[in-house]
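>>> let me see the structure of the following:
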Amino acid sequence: MHFAPDTEDTLSFTVDLMNTVAGATKSGVDELASPVELGDLLRRWQYSGRIDGDDLELAEVRATRARLRRVWMLGRSDAVVEVNAMLSDARALPQLVRHDALDWHLHATDPEAPLAERIRVEVALALVDVIRSDENGRLRACAADDCDGLLLDLSRNGSKRFCSVRCGNRMNMVAFRGRGTVPPGPPPPAQNEAAEAEQTSETYRSSRITAGRAACALPPSAPSRAERAPHVTARTVAGRMPPA
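Numbering: from 1, shown residues only. Model (predicted):
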């Protein structure tokens with residue numbers, strides 16, 4: 001684990017939000033084009049607090065999406081300027097809170113604040129951890145030539161290159177065809193690594209949601225790398241839990 005669990009959850013949500021742009025989606029269209037699509041995204045991530053569900057809120061979140069995509073690719077010093085601005089503009093006041101089944105975690109805005117503002121503050125707090133850890137290099141653009149996706153690299157050796165297995169498969173196939181050969185049998189190592197990283201991240205987040213504060217029992221035999229990950233407590237910044 002590179003960051004605190006609530007930080008990793010927030011960064012993963014941010015990737016999902018940023019990759020709703022047309023150049024990064026599987027459908028090839030903008031998947032944040034209506035209040036209904038925004039509502040679907042929020043339900044997947046179990047967002048609480050004020051949600052208006054109207055066109056104004058959608059426009060504000062779309063503007064926040066564009067801002068976060070730009071901040072994601074900034075160098076460390078430039079990112080500091082943006083993070084400080086997002087926190088100060090919202091008059092963010094980080095406080096430790098504990099509610100429902102969640103252990104102590106940070107809230108920094110009123111739950112009745114506009115959704116886009118709460119998203120910006122939550123992401124800014126997560127980026128504070130990234131910057132302080134000097135890990136901005138784990139926030140990258142997808143290496144696929146035809147993809148506008150962004151990615152969060154939580155792999156152990158920091159080698160994740162693609163935002164999805166789909167992009168990894170496509171670019172590997174392009175490379176093999178360029179050499180005049182398509183390999184038989186199992187997928188090439190880069191694809192396996194991307195798939196493993198995605199599966200590990202998904203299993204890790206799911207275990208935090210379902211287990212709450214209880215310790216995760218290791219399986220009796222042959223545990224996977226995700227199952228060997230230490231149990232942590234699900235936490236949120238603005239009343240959000242990751243999707244199951």
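>>> mind listing the helices for this structure?
Using DSSP state H, the helices assigned to the chain run over residues 5-18, 35-44, 55-72, 76-89, 115-132, 165-178, 189-211.
>>> put the alpha carbons of the third one into PDB.
To tie it back to what came earlier, the one meant is helix 55-72. C-alpha atoms of helix 55-72 as PDB (Å, rounded to 0.1, in the frame of the first residue of the first chain):
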ATOM      1  CA  ASP A  55     -27.900  20.400 -15.300                       C
ATOM      2  CA  LEU A  56     -26.000  23.000 -13.300                       C
ATOM      3  CA  GLU A  57     -24.500  20.400 -11.000                       C
ATOM      4  CA  LEU A  58     -23.500  18.400 -14.100                       C
ATOM      5  CA  ALA A  59     -21.800  21.400 -15.700                       C
ATOM      6  CA  GLU A  60     -19.900  22.100 -12.500                       C
ATOM      7  CA  VAL A  61     -18.700  18.500 -12.200                       C
ATOM      8  CA  ARG A  62     -17.700  18.400 -15.900                       C
ATOM      9  CA  ALA A  63     -15.600  21.600 -15.300                       C
ATOM     10  CA  THR A  64     -14.100  19.900 -12.200                       C
ATOM     11  CA  ARG A  65     -13.300  16.900 -14.400                       C
ATOM     12  CA  ALA A  66     -11.300  19.000 -16.800                       C
ATOM     13  CA  ARG A  67      -9.500  20.800 -14.000                       C
ATOM     14  CA  LEU A  68      -8.500  17.500 -12.300                       C
ATOM     15  CA  ARG A  69      -7.300  16.000 -15.600                       C
ATOM     16  CA  ARG A  70      -4.900  19.000 -16.000                       C
ATOM     17  CA  VAL A  71      -3.700  18.800 -12.300                       C
ATOM     18  CA  TRP A  72      -3.100  15.100 -12.700                       C
END
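>>> what residues of that helix count as buried?
Residues of helix 55-72 classed as buried by neighbour count (16 or more other CB atoms under 10 Å): 57-58, 60-62, 64-65, 67-69, 71-72. Where you see a C-beta, it was placed from the backbone N, CA and C, and this is true even at glycine.
>>> thinking again about what came up before, with distance to residue 98 and mean pLDDT added, can I get the helices of the chain in a markdown table?
Shown next, in a markdown table, are the helices of the chain (distance: least, CB to CB, whole Å; pLDDT from 0 to 100):
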| stretch | distance to residue 98 | mean pLDDT |
| --- | --- | --- |
| helix 5-18 | 12 | 94 |
| helix 35-44 | 23 | 97 |
| helix 55-72 | 27 | 98 |
| helix 76-89 | 22 | 97 |
| helix 115-132 | 17 | 97 |
| helix 165-178 | 37 | 73 |
| helix 189-211 | 16 | 47 |
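>>> reformat those helices as JSON lines; add distance to residue 102.
What follows is the helices of the chain, written out as JSON lines (distance: least, CB to CB, whole Å):
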{"stretch": "helix 5-18", "distance to residue 102": "9"}
{"stretch": "helix 35-44", "distance to residue 102": "18"}
{"stretch": "helix 55-72", "distance to residue 102": "24"}
{"stretch": "helix 76-89", "distance to residue 102": "22"}
{"stretch": "helix 115-132", "distance to residue 102": "14"}
{"stretch": "helix 165-178", "distance to residue 102": "31"}
{"stretch": "helix 189-211", "distance to residue 102": "10"}
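>>> so which of these is nearest residue 158?
Taking CB to CB, helix 189-211 is the member of these nearest to residue 158, at 10.6 Å.
>>> and of the helices of the chain, who's closest to residue 156?
Comparing the helices of the chain by their distance to residue 156 (CB to CB), the top pick is helix 189-211, with 9.2 Å.
>>> appreciated, that's everything.
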